[in-house]
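In: What follows is a predicted protein model with its sequence.
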Amino acid sequence: MLKNTIIAKRVRDGRLRKRIRDKVKGTGARPRVHVFKSNTHIYTQVINDDTGVVLASASTLETAFKDQSKNGKNKAASVLLGEMLAQRLKDKKIESVVFDRGTYPYHGRVKALADAMRDKGIRF
């Protein structure tokens, strides 16, 4: 029973991911910000889909993050991570991005990360 539910969730997530990725494309002018969250950490990457290059990344595993926060799985950690990523984008002179939430609802930690990036001046 458990195996069937896990397989069904993976199939459902694959369909959702494909549907989102058909609509959300990153370019050189507006790269894609992809979010992955596990139970304990959050990982983000800024990707130019035209060339397939990762332009910037940030995660709650980095020492720069761990110096400022002890917990990597709450909304406060998402806000701090969004601010760190926004600063890295500003350093690379990227002002506008496309947000890819993946299979996660735009709620909670994902929304907190996006709002923190918007507050720092990144448009999407």
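Out: Now that the structure is in, tell me what you want to look at. Because the structure is predicted, anything quoted here is derived from the model rather than measured.
In: can you give me the helices in this protein?
Out: With DSSP state H, the ranges of helices along the chain come out as 2-23, 63-66, 75-91, 109-119.
In: Check whether residue 81 really touches residue 62, as I assumed.
Out: No. In this structure, residue 81 is not within contact of residue 62 by CB atoms under 8 Å, at 9.1 Å. The way it works is simple: take the backbone N, C-alpha and C, and place the C-beta from them, glycine included.
In: if you count what's nearby, which of these two comes out ahead?
Out: residue 81 (28 against 14; other CB atoms under 10 Å).
In: confidence score at the more buried one?
Out: At residue 81 the predicted local distance difference test score is 97.
In: nearest to residue 44, of the helices of the chain?
Out: helix 75-91 (5.4 Å; CB to CB).
In: As PDB, could you dump the C-alpha coordinates of the closest one?
Out: Taking C-alpha atoms only, helix 75-91 is exported to PDB below (Å, rounded to 0.1, in the frame of the first residue of the first chain):
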ATOM      1  CA  LYS A  75      10.000  30.900   7.500                       C
ATOM      2  CA  ALA A  76      12.700  33.100   9.000                       C
ATOM      3  CA  ALA A  77      15.300  30.900   7.300                       C
ATOM      4  CA  SER A  78      13.500  31.300   4.000                       C
ATOM      5  CA  VAL A  79      13.500  35.000   4.400                       C
ATOM      6  CA  LEU A  80      17.200  35.100   5.100                       C
ATOM      7  CA  LEU A  81      17.900  32.800   2.200                       C
ATOM      8  CA  GLY A  82      15.800  35.000  -0.100                       C
ATOM      9  CA  GLU A  83      17.800  38.100   0.900                       C
ATOM     10  CA  MET A  84      21.100  36.300   0.400                       C
ATOM     11  CA  LEU A  85      20.100  35.200  -3.100                       C
ATOM     12  CA  ALA A  86      18.700  38.600  -4.000                       C
ATOM     13  CA  GLN A  87      22.100  40.200  -3.000                       C
ATOM     14  CA  ARG A  88      24.000  37.700  -5.200                       C
ATOM     15  CA  LEU A  89      21.700  38.500  -8.100                       C
ATOM     16  CA  LYS A  90      22.200  42.200  -7.600                       C
ATOM     17  CA  ASP A  91      26.000  41.600  -7.600                       C
END
